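1. return atomic coordinates for the entry below.
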Amino acid sequence: MSQLVVLICGAGTALADAAQPLSPTNIFAPASTPARSIFGLSLFVLAITGAIFLIVFALLLYSVVRFRRRKNDDGREPPQVYGSNQVELAWTIIPILIVVALFMATARVIALVQKTSPPSNAIAVTAIGHQFWWEYRYPDLGVVTANELHLPVSDPVHPTPTFIQLLSADTDHSFWVPRLGGKTDLIPNHPNTMWIDPQGTGVYLGQCAQYCGTQHAKMLLRVYVQSKDDFDRWIEQQRRPASMNDTVSQGREIFETTACINCHTVSGTVASGRFGPDLTHLMSRDTIAAGAVPNTPENLRLWIRKPDAIKPGSLMPAMQLSEQQLDALTAYLETLR
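-> Down below sits the predicted model:
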């Protein structure tokens, strides 16, 4: 059975790879071992249920044609069958065999996804779901970031898997990047884990897949899979403290004397809040507001002035700053690279 799943998976992946360009959320183009296993299982289940449908449909069609009413029928009922051991055995044993086959195939995939132990070269990431953004911590590498997860590509010959611990800071969330792995929930006070080994560079998109409040639909996931060298450069850049630019000292003073520091962290400053995203390297990210809009100065200024304009229901408050203060604060945040 396992060979059949692998064969179906390989054929499906080849067909998906032929369909270019690929969507970053295309479930039919798995790019890691867990996603490929789930995809193969899905095709196996689809093949069995499709065969059942075709057999039942063919029997129904045969019955409709073979036993339709004819002009010379005398109106009498055909001979009735009141019990058949062979028929009852068939409709009992065949479904049991089908269920056992599906159970074994599913158990195999679950064991692969949940019981794999991290090798010595695995990347460790802690993903924390917040209303309504993602916090990522690399405990072994000393990096904290938000909303955009960076990972090294995994060479199938020398795999470099990423093991992710999933935590929730408030309510239920769910981490789902279709091309990289299955949906895994984040439950308060109940850590979950998952692992992925992305085998192609690029951006993979995902979504919080568990309703978690007003802005659930805009709690987006972006996974950047990079070459080993690019990932190492990114880690080195993220380890650096925030840049200190005297030309934006007014904006920094505004940031450090308002409620911003209660929620956000900027390394090298008095800001050490954990309620909101770490802003130390804010401008190294492509998006803000958990992927809701591109990270441009215009969007950043609007986000500070009126978060609800971008994300209605956002828990970030409007700071009621003057236009001059908004310009100064935006200019300061633009230096955080």
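
2. paired strands for whichever strand or helix holds Leu186, with orientation please.
-> Applying DSSP states H and E as the criterion places Leu186 in strand 184-186. With DSSP bridges as the test, strand 184-186 is paired with strand 173-176 (antiparallel).

3. quick one: the helices in this protein?
-> With helices called from DSSP state H, the chain shows them at 2-18, 33-66, 85-114, 228-239, 249-256, 260-263, 297-305, 307-310, 323-333.

4. now the ones you listed as CSV including mean neighbour count and distance to Thr126?
-> C-beta here means a position set from N, CA and C on the backbone, and glycine is covered the same way. As requested, these are arranged in CSV below (neighbours: other Cβ atoms under 10 Å; distance: least, Cβ to Cβ, whole Å):
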stretch, mean neighbour count, distance to Thr126
helix 2-18, 14, 30
helix 33-66, 15, 18
helix 85-114, 12, 18
helix 228-239, 14, 15
helix 249-256, 18, 26
helix 260-263, 16, 19
helix 297-305, 17, 26
helix 307-310, 15, 26
helix 323-333, 18, 25
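
5. and of the ones you listed, who's closest to Met283?
-> helix 323-333 (7.3 Å; Cβ to Cβ).

6. which helices and strands sit right next to the closest one?
-> helix 249-256, helix 297-305 (3 or more Cβ pairs under 8 Å, 6 or more residues apart in numbering; DSSP states H and E).

7. which of the ones you listed comes out lowest on mean pLDDT?
-> For those, mean pLDDT drops lowest on helix 249-256, to a mean of 88.

8. list the helices and strands that helix packs on?
-> Packing partners of helix 249-256 (3+ Cβ pairs under 8 Å, 6+ apart): helix 323-333.

9. contact partners of the helix it packs on?
-> For helix 323-333, the external contacting residues (Cβ atoms under 8 Å, 6 or more residues apart in numbering) are 245, 248, 250-252, 254-255, 279, 282-283, 297, 300-301, 304-305, 321.

10. picking that back up, closest one to Pro152 among the helices of the chain?
-> Of those, nearest to Pro152 by Cβ to Cβ is helix 228-239, at 4.0 Å.

11. coming back round to it: out of the contacts of helix 323-333, which is nearest to Arg222?
-> Once Cβ to Cβ is applied, the member of the contacts of helix 323-333 that ends up nearest Arg222 is Leu282, at 14.6 Å.

12. surely the closest one and Thr335 touch.
-> No - contact between Leu282 and Thr335 fails when scored by Cβ atoms under 8 Å: they sit 9.3 Å apart.

13. give me the below-cutoff pLDDT ranges for the stretch 201-337 of the chain.
-> Along the stretch 201-337 of the chain, segments meeting pLDDT under 70 span 244-247.

14. kindly recompute the last result at 80.
-> 242-247 (pLDDT under 80).

15. so what touches stretch 177-185?
-> 24-27, 29-32, 34-35, 38, 113, 166, 172-176, 192-196, 198, 204-206, 209-210, 221, 223.

16. what's the spacing between stretch 259-268 and its chain's center?
-> 28 Å (Cα atoms, centre = their mean, to the nearest Å).

17. could you number the chain from 888 rather than 1 from now on?
-> Renumbered: residue one is now 888, and that last one reads stretch 1146-1155.

18. which residues touch it?
-> 1031, 1128-1129, 1131, 1142, 1156-1167, 1203-1204, 1206, 1223.

19. below-threshold pLDDT in the stretch 938-1087 of the chain: ranges please.
-> Checking the stretch 938-1087 of the chain against pLDDT under 80 turns up 956-970.

20. count the residues that sit near the closest residue in space to Ser1159 that isn't next to it in sequence.
-> Once flanking residues are discounted, Ser1159 sits nearest to Thr1152: 5.3 Å by Cβ to Cβ, 6 or more residues apart in numbering. Thr1152: 19 surrounding residues under other Cβ atoms under 10 Å.

21. hey, what's Thr1152 bridged with?
-> Ser1159, Asp1165.

22. neighbour count: Leu1169 and Thr1222, which is higher?
-> A direct count of neighbours by other Cβ under 10 Å for Leu1169 and Thr1222 places Leu1169 higher, at 21 against 16.

23. ok, the more buried one - contacts?
-> Applying Cβ under 8 Å, 6+ apart, the residues contacting Leu1169 are Ile1175, Asn1182, Leu1220, Leu1223, Arg1224.

24. now it: how far from Ala1179?
-> 15 Å (Cβ to Cβ, to the nearest Å).

25. ditto for Val996
-> 34 Å.
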